[in-house]
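*Asks:* here is a sequence together with a model predicted from it:
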Amino acid sequence: MIYAHILAGGSGHRMGNVPMPKQFLDLKGKPVIIHTLEKFIINKNFDKIIVSFSSSWLDFGQALIKKYISDPRIVVIEGGKERNDTLIQAVNYLADNIGLSDEDIIVTHDAVRPFITTRIIDDNISALREYDAVDTVIPATDTIVVGAKNEIDNIPNRSLMYQGQTPQSFKIKTLKDSYSQLTDEQKRTLTDGCKICVYAGIKVGLVRGETSNIKITTPVDLRIAGALIQER
């Protein structure tokens with residue numbers, strides 16, 4: 001089985017003085033998350049599309065999806081306190097309600113990346129034939145500087161550096177088993193799903209993203225997203 005998981009639990013503090021989290025904000029006539037979901041519902045590979053909201057926005061999010069989209073594959077669940085808690089809760093939902101096989105995979109994506117393409121989604125699914133986990137990236141275009149306390153520690157080779165995007169995709173049992181192996185300290189330092197597998201020693205493949213696959217985080221991002229839609 002092939003599942004999608006849309007992470008929509010963020011609070012959006014960097015968006016500034018707005019009445020609701022960024023995934024619910026209007027983007028040229030529709031909420032951001034609806035633009036994102038539309039990219040997934042046109043893909044017939046998915047058996048279920050799970051959407052995770054924070055507890056305080058769960059009812060609102062569910063009603064919003066119902067207003068714009070009618071697709072029986074969509075399941076709305078409550079997310080966790082942190083990003084990876086939310087990811088594992090989706091995995092546990094599948095294990096408890098459907099059951100897992102060795103072949104089951106999950107494609108996880110930020111609700112606030114509405115310009116995901118069919119090519120990126122399909123490449124993630126295809127890459128899981130070779131890897132147990134894959135990350136979507138674009139080459140770093142700026143020099144990367146590593147530093148602390150206003151001093152440079154290192155300037156790594158830019159040709160080896162990438163900027164991470166989503167989707168991040170996994171063979172579900174590998175993800176679940178890898179998470180169970182982590183120490184409490186490792187869990188506290190997690191920044192994304194693929195790091196779970198890196199900690200567990202699992203090879204993570206790379207899928208080429210797109211510069212247009214932006215994450216809407218700030219008011220400037222929202223204006224850029226509006227311009228992209230207007231252009232299209």
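*Replies:* It's in. Numbers count the residues shown, from 1 in each chain.

*Asks:* pull out the buried residues from the longest helix seen in the chain.
*Replies:* Using DSSP state H, we find that the single longest helix of the chain is helix 83-97. Neighbour-count burial for helix 83-97 flags Arg83, Asn84, Thr86, Leu87, Ile88, Gln89, Ala90, Val91, Tyr93, Leu94 (criterion: 16 or more other Cβ atoms under 10 Å). Backbone N, C-alpha and C define where each C-beta goes, glycine included.

*Asks:* quick check, nearest of these to Gln186?
*Replies:* Nearest to Gln186, judged by Cβ to Cβ, of the buried residues of helix 83-97 is Asn84 at 10.6 Å.

*Asks:* tell me how many other residues crowd the closest residue to the closest one other than its chain neighbours.
*Replies:* In space, and not counting its chain neighbours, Asn84 is closest to Leu190: 4.8 Å by Cβ to Cβ, 6 or more residues apart in numbering. Neighbour count of Leu190, defined by other Cβ atoms under 10 Å: 19.

*Asks:* state the three-state secondary structure for Leu190.
*Replies:* Three-state assignment for Leu190 (DSSP: H, G, I helix; E, B strand; the rest coil): coil.

*Asks:* correct me, but it touches Ile196?
*Replies:* Yes. Applying Cβ atoms under 8 Å, one finds Leu190 in contact with Ile196, separated by 6.5 Å.

*Asks:* report the helix or strand with the lowest average pLDDT across the chain.
*Replies:* helix 184-188 (a mean of 88; mean pLDDT, DSSP states H and E).

*Asks:* give the next helix or strand downstream of that one.
*Replies:* helix 193-199 (DSSP states H and E).

*Asks:* quick one: strands adjacent to the helix or strand following that following helix?
*Replies:* Counting by DSSP H and E, the next helix or strand C-terminal to helix 193-199 is strand 204-208. Paired strands of strand 204-208, with direction, are strand 133-139 (parallel) (DSSP bridges).

*Asks:* which strands and helices sit next to whichever strand in the chain runs longest?
*Replies:* Taking DSSP state E as the criterion, the chain has its longest strand at strand 162-171. Strand 162-171 sits against strand 105-110, helix 118-127, strand 133-139, helix 193-199, with contacts defined as 3 or more Cβ pairs under 8 Å, 6 or more residues apart in numbering; DSSP states H and E.

*Asks:* can you convert the ones you listed into CSV and add a column each for distance to Ile224 and mean neighbour count?
*Replies:* What follows is those, written out as CSV (distance: least, Cβ to Cβ, whole Å; neighbours: other Cβ atoms under 10 Å):
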stretch, distance to Ile224, mean neighbour count
strand 105-110, 16, 26
helix 118-127, 19, 18
strand 133-139, 16, 21
helix 193-199, 26, 22
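
*Asks:* want to throw these into JSON lines with mean pLDDT and distance to Asn43?
*Replies:* Formatted as JSON lines, the helices and strands packed on strand 162-171 follow (pLDDT from 0 to 100; distance: least, Cβ to Cβ, whole Å):
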{"stretch": "strand 105-110", "mean pLDDT": "98", "distance to Asn43": "9"}
{"stretch": "helix 118-127", "mean pLDDT": "98", "distance to Asn43": "6"}
{"stretch": "strand 133-139", "mean pLDDT": "98", "distance to Asn43": "15"}
{"stretch": "helix 193-199", "mean pLDDT": "94", "distance to Asn43": "20"}
